[in-house]
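# here are the coordinates; sequence isn't available:
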């Protein structure tokens, strides 16, 4: 099980703000990354009353970050 955290932009020396978080029951990291990118695209289109995310982090069951993506990486 993985957790996806949608985050705001990174600032020098400060961890990015977590804007939303969700749990995924997918078991393979590559599937979770693909799913998170799809969710990110949908969030950008549908987001109205909250700040737009700048990227996401994926955490494993222990809470360790195992993947990260941001629009700066695209």
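The structure has been received and is ready for your questions. The model shown is predicted, which means the values in this text are computed figures rather than measured ones.

# Tell me where the model's unsure across this structure.
44-48, 74 (pLDDT under 70).

# can you pull the contacts of residue 50?
Listed by C-beta atoms under 8 Å, 6 or more residues apart in numbering, the contact set of residue 50 reads 19-20. C-beta coordinates here come from the backbone N, C-alpha and C atoms, glycine included.

# Let me fix that, I meant to ask about residue 70.
7, 9-10, 54-56.

# same thing but at 6 Å, please
54-55 (C-beta atoms under 6 Å, 6 or more residues apart in numbering).

# List the beta-bridge partners for it.
Residue 70 has these beta-bridge partners by DSSP bridges: residue 55.

# Please determine how far it is located from residue 1.
Here residue 70 is placed at a distance of 23 Å from residue 1 (C-beta to C-beta, to the nearest Å).

# Can you tell me which residue is spatially central in this structure?
Centroid check for the chain by C-alpha atoms, centre = their mean gives residue 56 as the closest residue, at 2.1 Å.

# wait, is residue 30 part of a strand?
No. Under DSSP: H, G, I helix; E, B strand; the rest coil, residue 30 sits outside any strand and is assigned helix.

# which residues in the protein form strands?
With strands called from DSSP state E, the chain shows them at 2-7, 18-24, 55-59, 65-70.

# Same list (those strands) but as JSON lines, adding distance to residue 37.
JSON lines is the format used below for these (distance: least, C-beta to C-beta, whole Å):
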{"stretch": "strand 2-7", "distance to residue 37": "10"}
{"stretch": "strand 18-24", "distance to residue 37": "12"}
{"stretch": "strand 55-59", "distance to residue 37": "8"}
{"stretch": "strand 65-70", "distance to residue 37": "7"}
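
# can you tell which of those is closest to residue 33?
Proximity to residue 33, assessed across these by C-beta to C-beta, is greatest for strand 65-70 (5.5 Å).

# Report the buried residues of that closest one.
Buried residues in strand 65-70, counted by 16 or more other C-beta atoms under 10 Å: 67-70.

# Could I get the contacting residues of residue 71?
Residue 71 neighbours (C-beta under 6 Å, 6+ apart): residue 54.
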